[in-house]
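**Student:** heads up, no residue letters with this:
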C-alpha cells in the first residue's frame, strides 16, 4: 500500500461491521417472513451477499439476494435487477452499497424500487462519506466519515478486505 493511502477499515473491522449491520437489519425486520437484500453491482452486491449470508445464519426468515445493475456515471438510464418486481413486491427490502459518496447511485436505486409496493424499505452502506448531493441517507452504516471532496474511498473485497482513503 502506498504512503498516500490511509486504511479506514481493516479486514477484521469490515467483518465486524458487516455482522453488526446484519443484526440491525434482522432486528428491524424481526416480524418479516422474507427479506430482500438488493446490492448495487459490483461491490454493493458483494456487501449484500455477505449480509445475506449472516442473515441466513441468525434468522429464520427467508433471505433473497438481488443484484442491481446500473451505470453509476449515468444512473438515470435503465436499472436492471436480477429478480423480477413480483419477487420483491410487498416484501421488506434493503438496498446495499459499499460506499455512499454523493448519493447518486443510492437515490436512483431507491427510485427504481419505489415503483413497486414494499412493506419496508431501508438502505445499508459500509462507508458513509457525508458528501451527499441528494437527500438520501443510509439507515444502516458501518462507519461515517467526513472527507474532503478530493479524497476517494475504495473498498476492496477479497481474502483480506480493506477500505482505504486515497
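**Tutor:** That came in fine, so what should we check first? All values derive from a computational prediction rather than experimental measurement.
**Student:** could you look up the SS state of the residue nearest the centre of the chain?
**Tutor:** Central residue of the chain (CA atoms, centre = their mean): residue 96, 1.8 Å from the mean position. Following DSSP: H, G, I helix; E, B strand; the rest coil, the label given to residue 96 is strand.
**Student:** next one: residue 160
**Tutor:** At residue 160 the chain is in coil, as set by three-state DSSP.
**Student:** roughly how far does it sit from residue 52?
**Tutor:** Going from residue 160 to residue 52 by CB to CB, to the nearest Å gives 21 Å. No exception for glycine: its C-beta is placed from N, CA and C like everyone else's.
**Student:** show the end-to-end separation of stretch 112-129, please.
**Tutor:** Chord length of stretch 112-129, first to last residue, is 23 Å (CA to CA, to the nearest Å).
**Student:** residue 14: neighbour count?
**Tutor:** For residue 14, the number of neighbouring residues by other CB atoms under 10 Å comes to 25.
**Student:** surely it meets residue 127?
**Tutor:** No - here residue 14 lies out of contact with residue 127, judged by CB atoms under 8 Å, at a distance of 9.6 Å.
**Student:** who has more neighbours, residue 160 and residue 52?
**Tutor:** Using other CB under 10 Å, the more surrounded residue of residue 160 and residue 52 is residue 52, with 22 against 10.
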